[in-house]
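> Give me a 3D structure for the following:
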Amino acid sequence: MPIKIPKRLPAREILEEENIFIMDEDRAKTQDIRPLNIIILNLMPEKEKTEAQLLRVLGNTPLQVNISFLQTATYQSRNTSQLHLDQFYTTFSDIRNRKYDGMIITGAPVELMSFEDVDYWEELKEIMDWSASNVTSTLHICWGAQAALYHHFGIGKFELPKKCSGIFSHVVSDRSEKLLTGFDDIYLAPHSRYTDVEKAQVENHPDVKLLSYSEEAGPFIMSANNGRQIMITGHLEYDATTLSEEYKRDREKGLDAHLPLYYFPDNNPNKQPLNRWRSHAHLLFSNWLNYYVYQQTPFEWQ
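Just a heads-up that it's a prediction; the model follows:
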């Protein structure tokens, strides 16, 4: 089944070339189906890239999904055109009285700032509080995961000696959660961040379950409130070249960037990296949509 996206969204052409089943509003109106309504709070600077990455993994399930995009009202994006934002994004004031089956809160390049110093922190807190009672399940990614752990559960972050960047091995620590149904005992996933959370704090918190972690990259997938809140510190949605683009961008900025670990063939940044996590990316988002959104959401919100 398809995902429904705005007719002129630039990601449409990319997804159609990859045979991702999509439809626009006109065709969706002819479908006699109760679709899942998913709202994506996109905090990433290059919003169009993030849109394509997330839509790719959301569009590979048997479920029909309506996608809407949310931006902050208290911070203006500098890397995405205002025309794009005006066409395809809404703000919290426009949706606060609605119910959604699922929500995704992305990461943001603000990890080295304290949460309270982020321009839109108060707005984000309000959105996260709203999601607890107006969304069936919310998926938080990277900094979005750290923000949720801090706001909802009081688990803080700490700065790493150097950026955690690369493709790391992970193990499944709790197979009772359907989110990890079908996962290999050891699987790969990308990470790209300057901060982390303490594994012991997560394990000792009575309301948070550690589902998967990496010995090198730390806690990876966590769940709370029977899957109503899911926190993922890495980026399974990343393209094969995303870490390479970030590395080259950081080098051009004069930052002391190191090669992403276990990423470039032969550690040669001139060689094309391979996507070795694609199957688990599709599996995780498919499991989330099926078990935590579709199976749990009411046919009609009260």
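> Could you tell me whether Leu284 really is in a helix?
Yes: assessed with DSSP: H, G, I helix; E, B strand; the rest coil, Leu284 lies in a helix.
> Now do the contacts for it.
Neighbouring residues of Leu284 by Cβ atoms under 8 Å, 6 or more residues apart in numbering: 57, 179-180, 183, 221, 232, 236. C-betas here are computed from N, CA, C, even on glycine.
> Derive a ChimeraX selection command for the buried subset of those residues.
In ChimeraX syntax, the buried subset of the contacts of Leu284 is picked out as below (16 or more other Cβ atoms under 10 Å):
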select :57,179,180,183,221,232,236
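> Okay, and which of the contacts of Leu284 map to helices?
Taking DSSP state H, the ones among those that sit in helices are Val57.
> got TSV for the contacts of Leu284, with distance to Ser68 too?
Shown next, in TSV, are those (distance: Cβ to Cβ, whole Å):
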residue	distance to Ser68
Val57	17
Leu179	23
Leu180	27
Phe183	29
Ile221	25
Ile232	21
Leu236	22
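> Of the contacts of Leu284, which one scores lowest on pLDDT?
Ranked by pLDDT, the contacts of Leu284 bottom out at Val57, which has 93.
> any idea how far that one lies from Gln295?
Val57 sits 18 Å away from Gln295, going by Cβ to Cβ, to the nearest Å.
> Report the central residue of the chain.
In the chain, the residue lying closest to the centroid (Cα atoms, centre = their mean) is Ile141, at 3.8 Å.
> So that residue sits against Thr106, correct?
Yes: shown here, Ile141 and Thr106 form a contact pair, counting by Cβ atoms under 8 Å, at 5.2 Å.
> Provide a list of residue ranges in this structure with pLDDT below threshold.
Residues of the chain meeting the criterion pLDDT under 70: 1-5, 7, 11-13, 15-33, 298-302.
> if we can go back for a sec, dig out what the residue nearest to the centre of the chain forms beta bridges with.
On the basis of DSSP bridges, Ile141 is bridged to Ile232.
> ok, it - contacts?
104-107, 232, 235, 237.
> How about Ser131?
Neighbouring residues of Ser131 by Cβ under 8 Å, 6+ apart: 103, 105, 138.
> Now render those as JSON lines, adding secondary structure, distance to Ala281 and neighbour count.
JSON lines is the format used below for these (DSSP: H, G, I helix; E, B strand; the rest coil; distance: Cβ to Cβ, whole Å; neighbours: other Cβ atoms under 10 Å):
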{"residue": "Met103", "secondary structure": "strand", "distance to Ala281": "18", "neighbour count": "25"}
{"residue": "Ile105", "secondary structure": "strand", "distance to Ala281": "17", "neighbour count": "26"}
{"residue": "Thr138", "secondary structure": "strand", "distance to Ala281": "18", "neighbour count": "29"}
